[in-house]
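Undergrad: Could you look at this predicted model? Sequence included:
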Amino acid sequence: MHKQWSTFKVSKKKVADDESRVAQLRAKLEADQAKFEADRKTEEWSVAGWKRKAEAEAALLSEERKNWKRICEKDNAEKMNLRNVINNLKADIENLKKEDVEIEKIETGKSRC
């Protein structure tokens, strides 16, 4: 009976040790789960924050593109107007040169007569 009693005491001590170890592991698990949930929420919020920032930057970029296109169209229109003016001036110069040549022909014809 003594052997059984000592075996029972050893078993009881082992069960008590196992229970305390389980309680410690359970507490650690709960703490780790809470930390995981907090980290996950932080990551989700962080992702949501970055997503909002990216969307805001995309909207700003879109607006900047629109402004850039508008400015380019205005600039192109101004350059086309200037090009037309230059071409008109070149045509006027050519006409004046032709007129000068004709006037010289007339003057040389008069001076010969």
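TA: Yes, it's here. Numbers count the residues shown, from 1 in each chain.

Undergrad: going forward, measure contacts and count neighbours with C-alpha atoms only.
TA: Noted.

Undergrad: Per-residue pLDDT of C113, please?
TA: pLDDT recorded at C113 is 58.

Undergrad: when you give positions from now on, start the count at 15
TA: Will do, 15 is the new start, and the previous item becomes C127.

Undergrad: in this protein, what spans have low per-residue confidence?
TA: 15-16, 126-127 (pLDDT under 70).

Undergrad: Strands of that one, residue ranges please.
TA: For the chain, applying DSSP state E gives no strands.

Undergrad: any idea where the helices of it begin and end?
TA: With DSSP state H as the criterion, the chain has helices at 16-126.

Undergrad: burial measure for E113, as a count.
TA: Neighbourhood size, E113 [other Cα atoms under 10 Å]: 12.

Undergrad: Ok, K27 next?
TA: Neighbour tally, K27, other Cα under 10 Å: 12.

Undergrad: any idea how far L103 is from L110?
TA: 10 Å (Cα to Cα, to the nearest Å).

Undergrad: what's the answer for A37, then?
TA: Applying Cα to Cα to A37 and L110 gives a distance of 107 Å.

Undergrad: and if you look at Q47?
TA: From Q47 to L110 the distance is 92 Å (Cα to Cα).

Undergrad: same deal with T56?
TA: 79 Å.

Undergrad: and if you look at K119?
TA: The value you get for K119 to L110, if Cα to Cα is used, is 14 Å.

Undergrad: again with E51
TA: 87 Å.
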